[in-house]
Every structure is written in C-alpha cells, then in structure tokens.
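Visitor: pasted the sequence and its predicted model underneath.
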Amino acid sequence: MFYIVRHGLTDFYMQNICQSQENNPINETGLSQANELAGRIGKMKFDHFISSDLLRARQTAEIVNKSLKMEIMYDKRLRERLTGVFGGKSKDNIPNDAIENAHKYGGETFEDIYNRVKDFYDEMKLKKIDNALIIAHSGSIRMIRYIAGWNEWCNNTYKQYLSALNPINPTEIFELDFYQSQKTRIYCNIK
C-alpha cells in the first residue's frame with residue numbers, strides 16, 4: 001500500500017501564484033498542517049519514505065519524519081508540473097492556452113509529467129517497493145492516481161479524468177495499492 005500526501009500550504013497557493021517547480025516554502029499554516037499530519041501518521045509503520053525534492057515537500061517530509069525517524073529518499077520525478085515562464089507568477093496573468101501548450105512557454109506537457117511519473121511508478125513496481133509514504137504535489141499526485149488506474153497515456157482521456165477530480169488539499173492523504181488487480185483498463189480511444 002502507498003500513502004500519498006500533498007505538501008503543506010504555501011503563500012504562493014494562498015496568493016494564487018503558479019507554484020510550478022519554484023522552491024517556495026510552506027507557510028505558518030503549512031507548518032501546522034505538517035505537524036498535524038505527523039500526529040496522524042506518526043504511529044504508522046512504513047518500509048519506505050519518499051518525497052519530492054522541492055522545498056515545500058521536503059519541509060513537510062522533514063516535519064513528518066520527526067515522528068517516523070526514517071531515511072527519506074528524495075525523487076525529482078515527483079515534482080510539480082514545470083510551467084516554464086509562468087512559475088512564480090500570478091495565475092491571473094497566464095494565457096488560456098498555457099495549460100494545453102505549456103511546452104511553448106518552456107514548461108511540461110501533461111504527457112511529459114505522465115512519462116516521468118510513470119518511470120517512478122514502474123521503478124517502484126520493479127523493485128517491489130510497498131508500504132511507502134510519499135510526499136508530493138497536486139500535479140504529480142493526480143498523475144500517480146491516473147497511472148494507478150492502469151490508464152495508458154491519452155491526452156483526451158487525461159483531460160476528462162482531470163476535469164472530474166476534486167482539488168487536492170494540503171496534507172490530504174490518498175491510499176493506493178499499486179499492485180491491485182484491475183478489471184478494467186482505459187486505453188486511448190482515437191476518433
């Protein structure tokens with residue numbers, strides 16, 4: 001079983017600033033959330049503790065680790081989506097086409113995120129890593145959930161999947177079984 005958690009709250013989030021792969025820290029509320037998270041999961045036993053290497057995830061992981069006292073493996077494949085020139089800028093100033101055409105602005109496409117997160121996911125399965133706590137970001141968590149549903153890459157399928165999801169709140173925990181047997185698998189339907 002994998003327990004996947006979004007990092008604590010940041011000022012960028014509160015100010016509607018595109019966090020991207022900026023190394024912005026968690027704020028006072030985020031510190032409180034991380035401490036509360038440590039209390040909620042501090043008595044759980046994990047075999048592995050993995051975190052994104054971005055500052056806000058690292059800070060959250062380090063606070064949680066005061067209870068767990070484990071080695072934390074940092075993995076850049078768990079980073080938030082790179083938004084290129086819009087990282088650290090107000091979301092109000094981002095053109096409508098930037099989400100779909102991020103590569104035109106120096107950012108990652110959804111397929112780019114899929115490929116790096118799928119690489120992480122496949123490595124976990126290959127090494128038979130289980131019973132892990134993962135601290136990541138909303139974009140990488142959504143993609144892990146998409147991949148764990150045995151979905152092949154398809155831009156249209158992912159956009160539909162994404163539109164049906166609720167926002168991921170800071171320090172929200174998702175429990176996923178990377179090894180569950182799936183009865184259905186979604187493939188890209190090209191029309």
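Guide: Ah, there it is.

Visitor: so where's the protein uncertain?
Guide: Applying pLDDT under 70 to the chain flags the ranges 181-191.

Visitor: assign a three-state SS to Arg142, would you?
Guide: helix (DSSP: H, G, I helix; E, B strand; the rest coil).

Visitor: apologies, that question was intended for Lys118.
Guide: helix.

Visitor: and it, how many residues sit next to it?
Guide: By the criterion of other C-beta atoms under 10 Å, Lys118 has 18 neighbours. C-betas here are computed from N, CA, C, even on glycine.

Visitor: and what of the one 5 residues further on?
Guide: Residue crowding around Glu123 was assessed by other C-beta under 10 Å; the count is 12.

Visitor: looks to me like Gln33 is in a helix.
Guide: Yes. The assignment for Gln33 by three-state DSSP puts it in a helix.

Visitor: show me the helices in the chain, by range?
Guide: Using DSSP state H, the helices of the chain run over 11-14, 28-41, 55-68, 110-126, 138-148, 155-164.

Visitor: export those to a markdown table and tack on distance to Pro170?
Guide: Below are these laid out as a markdown table (distance: least, C-beta to C-beta, whole Å):
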| stretch | distance to Pro170 |
| --- | --- |
| helix 11-14 | 7 |
| helix 28-41 | 5 |
| helix 55-68 | 8 |
| helix 110-126 | 20 |
| helix 138-148 | 9 |
| helix 155-164 | 19 |
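
Visitor: nearest to Arg77, out of these?
Guide: Of all the helices of the chain, helix 110-126 sits nearest to Arg77, with 4.1 Å by C-beta to C-beta.

Visitor: count of residues packed around the nearest residue to Gly30 once chain neighbours are set aside?
Guide: Take Gly30 and drop its neighbours on the chain: the residue closest to it by C-beta to C-beta, 6 or more residues apart in numbering is Gly8, 2.9 Å away. Counted by other C-beta under 10 Å, the residues lying close to Gly8 total 28.

Visitor: relative to Val64, how far out is Gly8?
Guide: Gly8 sits at a distance of 10 Å from Val64 (criterion: C-beta to C-beta, to the nearest Å).
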